[in-house]
Structures are given as C-alpha cells and as structure tokens.
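In: compute the structure for the input listed below.
(one chain, ligands or ions: 2)
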Amino acid sequence: MRNTMRFFVATLAVFALFLSVAAVTASGLPQSGDDVSVGAQLYDKWYAQLGVTPPQGNHPLWERQSTNTRSGPDTWRCAECHGWDYQGAAGAYGTGSSHYTGFPGVFVLADRLSEQEIIDHLNGKLDPLHDFSGLMDEQSLRQLAAFLKNGLVDDSAFIDPVSLKAISGDTANGQRLYEAVCAACHGVDGQTLVLRSEGIDEGLGDVASRDPYRFLHRSRFGVAGTVMPIGRDLGWSVAESHDVLAYAQTLPRRNEQSVPSGAGTGSQPAPQVGGPPSDVFGGILTGLGVFFGMFGMSLLFILGFVAFLGAIVFILRKQK
Ligand code: HEC
Ligand code: HEC
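Out: Ligands and ions are numbered 1, 2, ... in the order given. Below is the predicted model:
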C-alpha cells in the first residue's frame, strides 16, 4: 500500500516537473505559428517577419495615389495599402482616413480565387508593379496566399464604423482571458509594454480603442519578431477575440486626447507602425517589461513546483 502510494506520488512529481519545464520553455520560445499566422505577419510587415531591410524609397504603386502621405518602408506593407480590416478603400481606410489610397481590399478574394491565382497577384503576373517575388521566397508568397485564403475574418459587423467601439462582446470573459494570458507582459492595466506608433507612446488600451482592426489582427496572429503568444495557436474563437478587444477598450489609456478615426469622418491620423520604441530609453523599458514578464511567469511556475514538492515531502513524512 505504502509502495503504491509512493509510486503514485513519484509519478505525479515527475509529471509536475515535466509540466513546469514545458510551460517555462514554451513561454520563453519565440512564437512559431502555422502558415496562416506567418502569412498574417508577412501581411503586417513582411520585412520584419523575414528579418530583411525594407527596399529604398516608396513602393512603385504609391505613385498612383497622393492622399496617403506616408513614405518609405510603410508603403511596402500589405496592411498599409489593403488595410487591417482587409477591405482597402471600402473599409476603415476609406475617404477621410489619412490612410486613404483608393486601393482595393483583398477580402472578396477569399471565395473567388485559388491560392495559385492569389500568388499570381503577388509575383507580378497580373500587374508587373505588384511584384513581390524578388523580395521574398516562394514559401512566403504561399504563406501569404494561405492567410488571404483561410485567415481573413470580417469583423465589420462588430465594430462601430465611426466610434470604432466594439458593438458587443463579453467584457467579463475578455477580462478573464486578458488576465490569464496577456497581462503577464502587457500588465493588468495594459501599460507595462510601451508600444510606439508613428512617434506616439501607447498602451494596449490606446491601440484597442484607436485601431481595433490592428488589435484584432495582431492578437490573433502575433507580432513579427516578438515572443507574443498567438490567439490562433491558443485556439481562440472569433467571439473570444472580440471579448478580449471589448475588454481591452476599457483599459486606461496613455493618450486620452487621440480620438479614434472612423472611416468617412474628418479623421486624425490613425497611428500605424507597431515596432519597438525607437528611442533607446523606451526600448530598454520594453525589453525590461518583456524580461520581467517572462521572468515572473517562470518564477510562478518554479514556486508552484517547489510548493508541490513540499507537499509531497509532507505526505511522505506523514506516512512513516
Ligand atoms: C503600394 C500599395 C500596395 C502594396 C504594398 C500591396 N498591394 Fe496589393 N494591390 C495594390 C493595388 C493597387 C492592387 C490593384 C491591382 C493591381 O494593380 O495589382 C492590388 C491588388 C492586390 C490583390 C488582388 C486584389 C483583387 O481584388 O483583385 C491581392 C491579392 C493583393 N494585392 C495582395 C497583396 C499582398 C499580400 C501584399 C503584401 C505582400 C500587397 N498586396 C501589397 C496595392 C498594393
Ligand atoms: C510574452 C509577452 C507577451 C504576451 C504574453 C502578450 N504580448 Fe502582446 N506584445 C508583446 C510584445 C513584445 C509586443 C510588441 C511590442 C512593441 O511593438 O514594441 C506586443 C504587441 C502587442 C500588440 C500590438 C500593439 C500595436 O502597437 O500594434 C497587440 C495588439 C498585443 N500585443 C496584444 C496582446 C494580447 C491580446 C495578448 C494576450 C493574448 C498579448 N498581447 C500577450 C508581448 C506579449
């Protein structure tokens, strides 16, 4: 009887050790993601995903418009021309937005085109100026097509086009998910990591309120070059991602004055670029934030494990 008990306890201990090691390792590894998530990160900022320097100057198609006055690397991002809601000029980047280009969305494609036909849009077969094949390899083009074919979500019915507020969503469930997963790095108030957008320091609450489509895209598919967990890998449903957004919109904001810019209204520039803070101090803060986030999580697991070992020793002692 005693031996059985000992065996049972020993097995449990080994299992717990395995779990804590696995959890710590998983939380410390860079995100992997499937083809759809990698494709989504390429859509976000392909040069960051691939770790290459963006091309010089503006994208050649930029000449066809004059309303969006950004220049340089941003003009090469799929998201800058086609939108975080994937609707191009028909969505949040419509007339009135400082991001307005008049360029089409990519959403309708999902049903219409095959993956190969999408790839043909990306290798310049249909428009030689829309040729990304010299900039990334075939696998990346395939991952982009996989994302466009299988990853796009239409959230427009869920987000008010003018106030950009989540229309519904279970904030209590959102809070539960947020505090279980996101708070480790972003802090319970969303301010631990300083996010920088077009020169403005932001917390997660600002991003959620000002650019909910970007918030959804990045919380579903991750941010290139970071260890952030990917909602898609966590198995989050569309409803769960809406719950987290609705809750994140209630978080305190760093920039209360920067009101959301709705499509078609006289709008302010909606900050766009994610990326680490460019000033050294902010960068160090972000680094420290991530470090202590990860460190805190590891510490939690180790403490839990030590407590568990203590309990085992206590039980074994009692047996004697
Ligand atoms: C500088 C702006 C710009 C960038 C950057 C850009 N596109 Fe486009 N895209 C366009 C324009 C304009 C069209 C319209 C057709 C054309 O000229 O090729 C288009 C068309 C498309 C189409 C066909 C859409 C349709 O409804 O026919 C797809 C798919 C597409 N782009 C995907 C992407 C992806 C993926 C990326 C990122 C690798 C990207 N685009 C980057 C401007 C851009
Ligand atoms: C392991 C740490 C970590 C965790 C956990 C984490 N994030 Fe992040 N997150 C980051 C980092 C690092 C960045 C990029 C910061 C930067 O751009 O400087 C980021 C950026 C973001 C952005 C992009 C902000 C922008 O400016 O566009 C969003 C949205 C986001 N996180 C949402 C979430 C959500 C939702 C969760 C919970 C599911 C979460 N994060 C959990 C580390 C984390």
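In: so which helix or strand of this structure has the lowest pLDDT on average?
Out: helix 2-28 (a mean of 52; mean pLDDT, DSSP states H and E).
In: ok now the following helix or strand past that helix, how far from the chain's centre?
Out: Scanning forward in sequence from helix 2-28 by DSSP states H and E, the next helix or strand is helix 35-50. Taking CA atoms, centre = their mean, to the nearest Å, one finds helix 35-50 lying 11 Å from the centre of the chain it belongs to.
In: remind me what helix 35-50 packs against, helices and strands.
Out: helix 78-82, helix 138-150, helix 212-221 (3 or more CB pairs under 8 Å, 6 or more residues apart in numbering; DSSP states H and E). C-beta: built from backbone N, CA, C; applies to glycine.
In: ok, which of these comes nearest ligand 2?
Out: helix 212-221 (3.5 Å; CB to the nearest ligand atom).
In: could you point out which element follows that closest one?
Out: By DSSP H and E, the next helix or strand past helix 212-221 is helix 238-248.
In: what's the angle between that next one and helix 212-221?
Out: 120 degrees (axes from the mean of the first three to the mean of the last three CA atoms, to 10 degrees).
In: which pLDDT value belongs to the residue most central in space within the chain?
Out: Closest residue to the average C-alpha location of the chain: residue 218 at 2.0 Å, with CA atoms, centre = their mean. pLDDT recorded at residue 218 is 97.
In: hmm, residue 44 and it touching each other?
Out: Yes - using CB atoms under 8 Å, residue 218 makes contact with residue 44 at a distance of 7.0 Å.
In: and residue 45, how far from residue 248?
Out: Separation of residue 45 from residue 248 (CB to CB, to the nearest Å): 21 Å.
In: and those two? Which one has more around it.
Out: residue 248 (28 against 23; other CB atoms under 10 Å).
In: how about the secondary structure of residue 196?
Out: strand (DSSP: H, G, I helix; E, B strand; the rest coil).
In: does it really touch residue 203, like I thought?
Out: No - here residue 196 lies out of contact with residue 203, judged by CB under 8 Å, at a distance of 11.0 Å.
In: OK, contacts around the nearest residue to residue 149 once chain neighbours are set aside?
Out: Sequence neighbours aside, residue 115 is the residue nearest to residue 149 in space, at 5.5 Å (criterion: CB to CB, 6 or more residues apart in numbering). Residue 115 makes contact with 142, 145-146, 149, according to CB atoms under 8 Å, 6 or more residues apart in numbering.
In: residue 124: which of those residues is nearest?
Out: Distances from residue 124 to those, taken as CB to CB, are shortest for residue 145 (14.4 Å).
In: distance of that closest one from residue 93?
Out: 22 Å.
In: which one of these two has more residues nearby?
Out: The residue with more neighbours, out of residue 145 and residue 93, is residue 93; 29 against 23, by other CB under 10 Å.
In: the more buried one and ligand 1, how far apart?
Out: From residue 93 across to ligand 1, the span is 11 Å (CB to the nearest ligand atom, to the nearest Å).
In: go ahead and confirm that residue touches residue 100.
Out: Yes - judged on CB under 8 Å, residue 93 makes contact with residue 100 at a distance of 5.7 Å.
In: tell me the residues of the stretch 1-150 of the chain that contact ligand 1?
Out: Residues of the stretch 1-150 of the chain lying near ligand 1 by CB under 6 Å from any ligand atom: 43, 46, 59, 61-62, 75-78, 81-82, 103-104, 106, 108-109, 118, 121-122, 126-127, 130, 132, 144, 148.
In: may I see the PyMOL selection of the buried members of the residues you listed?
Out: Buried residues among these (16 or more other CB atoms under 10 Å), as a PyMOL selection:
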select buried, resi 43+46+59+62+75+76+77+78+81+82+103+106+109+118+121+122+130+132+144+148
